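K.L.:
Predicted model follows, preceded by the sequence.
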Amino acid sequence: MTCARPEPDAAAEWREVAVRYPYRAADAVGPVSLRLHRGERVLLMGPTGSGKSTLLNALTGIVPGIVPARVVGDVRLDGEPVSARPPSGWSDRVARLFQDPEQTLCGMRVGDEIAFALENRALPEDEIRRRVAAAMHRAGLAEDMLSRRTAALSGGERQLVALAAAIAQDAPLFIADEPTAHLAPAAAERFRALLREDRRERTFVVVDHRIDELVEDIDRVVVVGRDGRVAADGPPGPLFRSRRADLEALGVALPVAAALDARLAGAGLAPESPPLTVGQALAGIPPGRESAAAPAIRAFLDGRVAAPAGAPGAPVARLEGGACAPLFGPVVLRGIDLEIRVGEAVAILGANGAGKSTLAASLAGLLRLKEGRRHGPTGGMAFQNPESQFVGGSVLEELEQAQDRALPRDERRAAALRDLSAWGLDGLAGAHPFELSQGQKRRLALATLSASGRWPLLVLDEPTAGLDAAGAAMVARAIAAFRARGRAVALVTHDTGFALAACPRAVIVGEGAILADGPAPRLLADAPLLARAGLAPPAIGPALAWREAVPC
């Protein structure tokens, strides 16, 4: 779609925009021509590294105003060229929630962080206090968090603080890059509530790979291809139905309802209107045709639920009566008895701030217990922020340093090159790890952790956050391979669908303790337990319940 001139309802426009970063041989994105209409809820999708964040940075002037790049074309907000103001000059018009909340956190305390942008605009103190209080309420932050230090917050709590800071700006354009990546379902619902507000008040542009939780509140989907150009644009239901195969080939994460819709279509049972949820797809099955639909639903569920674990292997790590606390923080979990065995994959689930990452680091032996004992060798851990573990000056150097140091250098180089390809990082060998997209950083962190084979226990903190469907599939295959080689895997995640597909066992944390430990399908079907823990059933939950009621 070419934008010839500003239109009255255009909230933002990219006109034949292309962006190229220094020392790169190709454009990061573009040329792109796109118009956002006032009041729209737009989901911007695309494979990792396709340039989605670059497009958003160009829209707010961060590129090239802060991040050097060559920008060709015209970018406009409310009909005004973005280049007419410095990036800070758009703070009254655009609120930005970044993919990594640590990119924006600068206040020592929660209240300071939320008020920061408002203070820079010299708003009256009474107005700032009112906005901060209202934003905290809408983001689900308790009033007593106002004076908490941001450095002591969990990753999800930091994301909620960043969300509150963006809400407080009360800008007509809200840009959210992976807003739910680090949020438990109950917290993610706070963001969905914003999407449902009066459409005359605000336009939303959202980048997110966890779209099952958002898709019902989206008007339009724009897909950026691997070449950095718009590959598809349209309403979500019709687009996911008509372009499903193309989008899957791109590695784009589609709502699981699209896969079920395709299976039902193959059986001649697809609903007339494209479904956005599994429940909608099942409701469209004609009465009396349940038996005919059973094979399609069985095929849909195949691979989406991990096979039950076989006979347990030897214990790898065990916590007995553990009291777990973050570094320099208070005890958040007590009375922890937890064991993980050879070949197991265990998902650690719970609300933001429940202590999942603290439990994971304690299980790996990276945090000392305040009470109780830990048994077993130290494990390797991929942190929630992948940058925390990078030490090399290039992607290839990072991978070389991760190899078994007993190997000759040429063998380490060969192994690093194999890992480069296996984790989809081809063409990035010479790039600095900090220059990668967030999804590429996460894949690199996982590749380095698994490279040497030295860790009997691998602990992965939010391993799929920010990853597209292809990246999440790589992680799932890696977990299966780790288990097959006799390693144990514990992963912290808010993606209950991924947990169900990758882990036969789940541990649910809440109220300062382990609330439940058992087979993942059983725990994730327990509605009272999930509500107590601030979780939601996986998107495929209705299909699992349907299978129980109508045997496949």
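P.N.:
Noted; the coordinates are in hand.

K.L.:
Determine how far stretch 540-552 lies from the middle of the whole chain.
P.N.:
27 Å (CA atoms, centre = their mean, to the nearest Å).

K.L.:
From here on, call the first residue 455.
P.N.:
Right, with 455 as the first residue, what we last looked at is stretch 994-1006.

K.L.:
Helices of the stretch 755-904 of the chain, start to end?
P.N.:
For the stretch 755-904 of the chain, helices defined by DSSP state H, counting those that start in this stretch occupy the ranges 810-818, 849-856, 863-876, 892-905.

K.L.:
Next, format those as TSV and append distance to residue 842, mean pLDDT and mean neighbour count.
P.N.:
For the C-beta atoms, the positions are set from N, CA and C on the backbone; glycine is no exception. As requested, these are exported to TSV (distance: least, CB to CB, whole Å; pLDDT from 0 to 100; neighbours: other CB atoms under 10 Å):
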stretch	distance to residue 842	mean pLDDT	mean neighbour count
helix 810-818	12	96	26
helix 849-856	13	93	22
helix 863-876	19	92	15
helix 892-905	8	88	25
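
K.L.:
Make JSON lines out of those helices and add distance to residue 673.
P.N.:
Below are the helices of the stretch 755-904 of the chain laid out as JSON lines (distance: least, CB to CB, whole Å):
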{"stretch": "helix 810-818", "distance to residue 673": "34"}
{"stretch": "helix 849-856", "distance to residue 673": "38"}
{"stretch": "helix 863-876", "distance to residue 673": "38"}
{"stretch": "helix 892-905", "distance to residue 673": "25"}
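
K.L.:
For residue 929, which of those helices is the nearest?
P.N.:
helix 892-905 (6.5 Å; CB to CB).

K.L.:
So what are the sheet partners of whatever helix or strand residue 628 lives in and their directions?
P.N.:
If you go by DSSP states H and E, residue 628 is part of strand 627-631. In the sheet, strand 627-631 lines up against strand 548-551 (parallel), strand 657-661 (parallel) (DSSP bridges).

K.L.:
okay, these in CSV with mean pLDDT and mean neighbour count next?
P.N.:
Below are those laid out as CSV (pLDDT from 0 to 100; neighbours: other CB atoms under 10 Å):
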stretch, mean pLDDT, mean neighbour count
strand 548-551, 92, 24
strand 657-661, 94, 24
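
K.L.:
okay, these in TSV with distance to residue 495 next?
P.N.:
Output for these, formatted as TSV (distance: least, CB to CB, whole Å):
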stretch	distance to residue 495
strand 548-551	15
strand 657-661	5
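
K.L.:
Nearest to residue 782 among the ones you listed would be which one?
P.N.:
strand 548-551 (27.2 Å).

K.L.:
which helices and strands does whichever helix or strand comes after that closest one pack with?
P.N.:
Sequence order places helix 564-574 as the next helix or strand after strand 548-551, per DSSP H and E. Applying 3 or more CB pairs under 8 Å, 6 or more residues apart in numbering; DSSP states H and E, we find helix 564-574 packed against helix 579-593, helix 609-623.

K.L.:
So which bits of helix 564-574 are buried?
P.N.:
For helix 564-574, a neighbour-count test (16 or more other CB atoms under 10 Å) marks 564, 565, 566, 567, 568, 569, 570, 571, 572 as buried.

K.L.:
Tell me the one of the residues you listed nearest residue 686?
P.N.:
Closest approach between the buried residues of helix 564-574 and residue 686, by CB to CB: residue 571, at 34.0 Å.

K.L.:
That closest one against residue 622, yeah?
P.N.:
Yes - counting by CB atoms under 8 Å, residue 571 does reach residue 622; the two are 7.1 Å apart.
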